[in-house]
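Trainee: Could you work out the structure for the sequence below:
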Amino acid sequence: MSYTAAVITVSDKGYRGEREDTSGPNLCRLLKERGYEVKRSALVPDDMDMIKAELVNCADVLGIALILTTGGTGFSPRDITPEATLAVVERPTPGIPEAMRAESMKITPRGCLSRSAAGIRGCSLIVNLPGSKKAAEENLMAVLGPIAHGLEMLLGEGSADCAGTEK
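Mentor: Down below sits the predicted model:
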């Protein structure tokens, strides 16, 4: 089954045009190759209100099934993507970032430093990924199979609350 997706890059430098966003376009490509319909991509600064507004727009207005963020998950004082995500989700899904960190630890001991979060808002699953192209791809590929099953459960016929949501 094919689902809709959005990719939101969170980067002050990218937003100001000081750094090229390679992570966001790469995630869009990976999703499309796996049958997702990428309906939105956006680039926002590390700003709590702007991140939250973009997440809410993708979930509530556009009805997108899978919303990925890339960037803002580290230790820098401006890295607030997980906090913005947790402020808008209704049901956290901690197993997704736990699985990503476990896979990252097989590649680098610094994988434990990721503060990624994930959760459900309405009929949308929001997942935070690291900002680097390589790490974002590795993290996504570690959980994309289980995410597809989760979306099937979230948006499947057995879920009356999500009936009619775009897939």
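
Trainee: Would you mind listing the buried residues in the helix or strand in which residue 141 is found?
Mentor: Assigned by DSSP states H and E, residue 141 belongs to helix 133-155. Neighbour-count burial for helix 133-155 flags 133, 135-140, 142-143, 147, 150-151, 154-155 (criterion: 16 or more other C-beta atoms under 10 Å). For glycine as for every other residue, the C-beta is placed from the backbone atoms N, C-alpha and C.

Trainee: I'd like the average pLDDT over stretch 33-53.
Mentor: For stretch 33-53, the mean pLDDT works out to 98.

Trainee: Residue 27: what's it in contact with?
Mentor: Taking C-beta atoms under 8 Å, 6 or more residues apart in numbering, we find residue 27 in contact with 7, 68, 70, 129, 136, 137, 140.

Trainee: Centre of the chain to stretch 126-142, how far?
Mentor: Averaging C-alpha positions (C-alpha atoms, centre = their mean, to the nearest Å) puts stretch 126-142 8 Å from its chain's average.

Trainee: nope, stretch 80-100 is what I meant
Mentor: So, by C-alpha atoms, centre = their mean, the centroid of stretch 80-100 is 9 Å from its chain's centroid.
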